[in-house]
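In: sequence and predicted structure are below.
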Amino acid sequence: MIFVHLKSPSNLIHMKKITLIIALAGSIFSSQGQDFESLLSGGEEHAGKLVSSYLQPVIEGTIYNLNNGWYRTAKTHKLLGFDVTVNASLAEVPNAKQVFTFNNSDYNMGNTTIKLSSGAQSAELPTAMGGETNEELMLERNVDSSITNLKSTFNAPNGLLARQSSDYVGMAPLAIAQIGIGLIKKTDLTVRFVPEQSGDDYNIKLLGVGLKHNILQYFPIAKRTPLVNVSVFGGYTKLESNYFPTGDNLDDVNINLVIQSYTAQLLGSVDLGLINFYVGLGYTAGTSSLSYSGLYTIKDDNGVTPNSQINLDRLSSADFDVNSLKATLGTSVNIAFLKIFADYSIQEYNSVTAGVALSFK
């Protein structure tokens, strides 16, 4: 049996600037800047599973972040009153989501096998939001009826905790801008909208809609408690982005990420003029899909192509569904038209949100 040894990149599951573009207003999430091609060496049977395990907390954290920052009070605008808001959220990744279990048995199928080079049957490896590991993975790929095999050993991927010392490591960030306007019967409409933005290797678009309706108005007590407001709120956001990595071995590769998030909450606030306090209780959820298309050709160290081409359309997509009860507590400082607010949400991925708004009426 002949073995052709592939050039060993420093990490198996790192993409060259994997621009998931899950931060808005021009911010881009980048995953450690390693070669996208190293991921694809896992083959059609395994690459999708590996990237799914590695990126899970980033995508799930983004879903929860998209459901943050919708409100800073339960009070609604007067008719045609409006506000313009910019806020940023950080969703804290639970410790359990900073690692994933790699089992050799999960990567032994088809014509490709990936296993721990140490001889162990399983190991805890870091996700994108995890720490550091010294584990190595060994890839063996049968190219043409056992006449020629590809074999290579790779370092298992490190997470961002291995590279940064920031207090915000272990969190998935997101920034959002939105506009709210007052409608009839103490109802606010809030819109998040990003027209399609494109760069050399990515594009992104986002649309979100939220409705807030004051329900205290239907009870006689409302007239005796003018500083207290109670409302119901529902919000929906859809984000779609594409990343187009380039390389000698890549042909029309596209990584497509679609996230849909939604939330329903009961809001309460005490609005004292210069300062107000607000709470939210409800449900937050969302879905996502990370899919691939294009072709990748494996080459050995000498640039010879050993007749092995991967069709990325066959990679399994990374699909995640999240849901959690949510409780939010926050405060806003109001200086004329300027509002400065911050809140903390308890959910599966606890999160902190802060922002500023210009509000009229």
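Out: Now that the structure is in, tell me what you want to look at.
In: for the host helix or strand of Ile59, list the C-alpha coordinates in PDB.
Out: Remark: Ile59 resides in helix 43-66, with elements defined by DSSP states H and E. Extracted C-alpha coordinates of helix 43-66, given in PDB (Å, rounded to 0.1, in the frame of the first residue of the first chain):
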ATOM      1  CA  GLY A  43     -13.400  14.700   3.300                       C
ATOM      2  CA  GLU A  44     -17.100  14.700   2.500                       C
ATOM      3  CA  GLU A  45     -17.900  12.300   5.300                       C
ATOM      4  CA  HIS A  46     -16.400  14.300   8.200                       C
ATOM      5  CA  ALA A  47     -15.700  17.900   7.400                       C
ATOM      6  CA  GLY A  48     -19.300  19.000   8.100                       C
ATOM      7  CA  LYS A  49     -19.400  17.200  11.400                       C
ATOM      8  CA  LEU A  50     -16.100  18.700  12.500                       C
ATOM      9  CA  VAL A  51     -16.900  22.300  11.700                       C
ATOM     10  CA  SER A  52     -20.400  21.900  13.200                       C
ATOM     11  CA  SER A  53     -18.800  20.700  16.500                       C
ATOM     12  CA  TYR A  54     -16.200  23.500  16.500                       C
ATOM     13  CA  LEU A  55     -18.500  26.400  15.700                       C
ATOM     14  CA  GLN A  56     -21.600  25.400  17.700                       C
ATOM     15  CA  PRO A  57     -21.200  27.900  20.500                       C
ATOM     16  CA  VAL A  58     -20.400  30.800  18.200                       C
ATOM     17  CA  ILE A  59     -23.600  30.300  16.200                       C
ATOM     18  CA  GLU A  60     -25.800  29.500  19.200                       C
ATOM     19  CA  GLY A  61     -24.500  32.600  21.000                       C
ATOM     20  CA  THR A  62     -25.300  34.700  18.000                       C
ATOM     21  CA  ILE A  63     -28.900  33.400  18.000                       C
ATOM     22  CA  TYR A  64     -29.300  34.500  21.600                       C
ATOM     23  CA  ASN A  65     -27.600  37.800  20.900                       C
ATOM     24  CA  LEU A  66     -30.100  38.500  18.100                       C
END
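In: mind listing the strands for the stretch 201-350 of the chain?
Out: 202-214, 228-243, 250-271, 275-297, 309-311, 318-335, 338-346 (DSSP state E, counting those that start in this stretch).
In: what's the most buried one of the ones you listed?
Out: The highest mean neighbour count among these belongs to strand 228-243 (a mean of 20), with neighbours defined as mean count of other CB atoms under 10 Å. Backbone N, C-alpha and C define where each C-beta goes, glycine included.
In: next, the angle strand 202-214 makes with that one.
Out: Taking axes from the mean of the first three to the mean of the last three CA atoms, to 10 degrees, strand 228-243 and strand 202-214 form an angle of 170 degrees between their directions.
In: partner strands of strand 228-243 and their direction?
Out: Strand 228-243 sits in its sheet next to strand 202-214 (antiparallel), strand 250-271 (antiparallel), going by DSSP bridges.
In: quick one: mean pLDDT over that strand.
Out: Per-residue pLDDT values over strand 228-243 give a mean of 93.
In: with distance to Phe82 added, can I get the strands of the stretch 201-350 of the chain in CSV?
Out: Supplementary listing: these in CSV, determined by distance: least, CB to CB, whole Å:
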stretch, distance to Phe82
strand 202-214, 13
strand 228-243, 17
strand 250-271, 17
strand 275-297, 18
strand 309-311, 50
strand 318-335, 16
strand 338-346, 13
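In: nearest to Phe100, of those?
Out: Taking CB to CB as the criterion, strand 318-335 is the member of the strands of the stretch 201-350 of the chain that comes nearest to Phe100, at 12.2 Å.
In: from the contact counts, what lies against that closest one?
Out: Counting by 3 or more CB pairs under 8 Å, 6 or more residues apart in numbering; DSSP states H and E, the packing neighbours recorded for strand 318-335 are helix 43-66, strand 250-271, strand 275-297, strand 338-346.
In: coming back round to it: so which of the strands paired with strand 228-243 gets nearest Glu136?
Out: Taking CB to CB as the criterion, Glu136 comes closest to strand 250-271 out of the strands paired with strand 228-243, the separation being 25.0 Å.
In: from what I can see Leu80 touches Gly180, true?
Out: No: under the criterion of CB atoms under 8 Å, Leu80 makes no contact with Gly180, lying 11.4 Å away.
In: bridging residues for the nearest residue to Leu325 once chain neighbours are set aside?
Out: Distances taken as CB to CB, 6 or more residues apart in numbering place Tyr283 nearest to Leu325, at 6.2 Å, with adjacent residues excluded. Applying DSSP bridges to Tyr283 yields these beta-bridge partners: Ala264, Leu325.
In: lovely, talk soon.
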